[in-house]
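# Predicted model follows, preceded by the sequence.
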Amino acid sequence: MIVTVAAFKGGVGKSTTALHLATYLQSQADTLLVDGDLNRSALDWADRGKLPFKVADEREGVDLARLYEHIVIDTPTKPDTKELKTLARGCDLLVIPCTPDAIALAATLHMVDALQGYRVNYRILLNIIPPSPNNSGEEARNALENAGLPVFKSGIRRLAVFQRAALLGVPVNGVKDAYAQIAWRCYVEVGKEMLELGARR
């Protein structure tokens, strides 16, 4: 399965999402994460600690791809039209992380518009959802679903343990913290849904 993670806005947890989806897929079969982000966030994360899967840049990824069952691709923020077309055609599922705020929602709608005309299987992932009583996550989900857009049933909560994981260079399930397993369960639920979507192709 080839999963591409892309967004038209920075700061929506794109690289964190790519890394944790790769962690989940690695629990199923050998997985490669291709770091195409200009910031090299996943490679930096890997350099700080130890990840359970291989991380490569685009050049190395081309040579390694055939050795892996699953490939997750982290992309530059706001790919241009040509890049987006290539990304859309070359994956089984395009994951679009989106935070529950007006600017990120607008950027996500622009990206969905840009995808029109391409045959692409995509899902929007609500990310960095604040805790109650803040209901912006629910409001964002309702807005996206009312617009007829496909949204993952599960979302990712805003938890500081993700920042700790990045500092340590491990996935969140490798952090000794009371919230680590809560954070990891968010991605496990998304991962299960992702595999189901891929199986339907």
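Happy to help now that I have it. Note that this is a predicted model, so its numbers are computed, not measured.
# For stretch 187-201, buried residues please.
Y187, V188, E189, V190, G191, E193, M194, L195, L197, G198 (16 or more other CB atoms under 10 Å). C-beta coordinates here come from the backbone N, C-alpha and C atoms, glycine included.
# does the first one really touch L25, like I thought?
No - assessed by CB atoms under 8 Å, Y187 is found out of contact with L25, at 10.4 Å.
# Assign a three-state SS to A165, would you?
Following DSSP: H, G, I helix; E, B strand; the rest coil, the label given to A165 is helix.
# and it, what does it touch?
If you count contacts by CB atoms under 8 Å, 6 or more residues apart in numbering, A165 has them with P171, V172, G174, V175, A180.
# same deal with K54?
K54 is in contact with T31, L32, L33, L64, Y68, counting by CB under 8 Å, 6+ apart.
# In the protein, what residue spans correspond to helices?
For the chain, applying DSSP state H gives helices covering 14-26, 41-48, 58-64, 81-89, 102-115, 136-146, 161-168, 180-199.
# For the fourth one, name the packing helices and strands.
Helix 81-89 is packed against helix 102-115, with contacts defined by 3 or more CB pairs under 8 Å, 6 or more residues apart in numbering; DSSP states H and E.
# Show the average pLDDT along the helix it packs on.
In this model, helix 102-115 has an average pLDDT of 94.
# now do stretch 165-173
When pLDDT is averaged along stretch 165-173, the result is 96.
# going forward, begin numbering at 349 instead of 1
Sure, I'll start counting at 349 from here, so that last one is stretch 513-521.
# quick one: buried residues of it?
A513, A514, L516, V518, P519, V520, N521.
# Kindly report the same for stretch 364-377.
Quick answer for stretch 364-377 (16+ other CB under 10 Å): T364, T365, A366, L367, H368, L369, A370, T371, Y372, L373, Q374.
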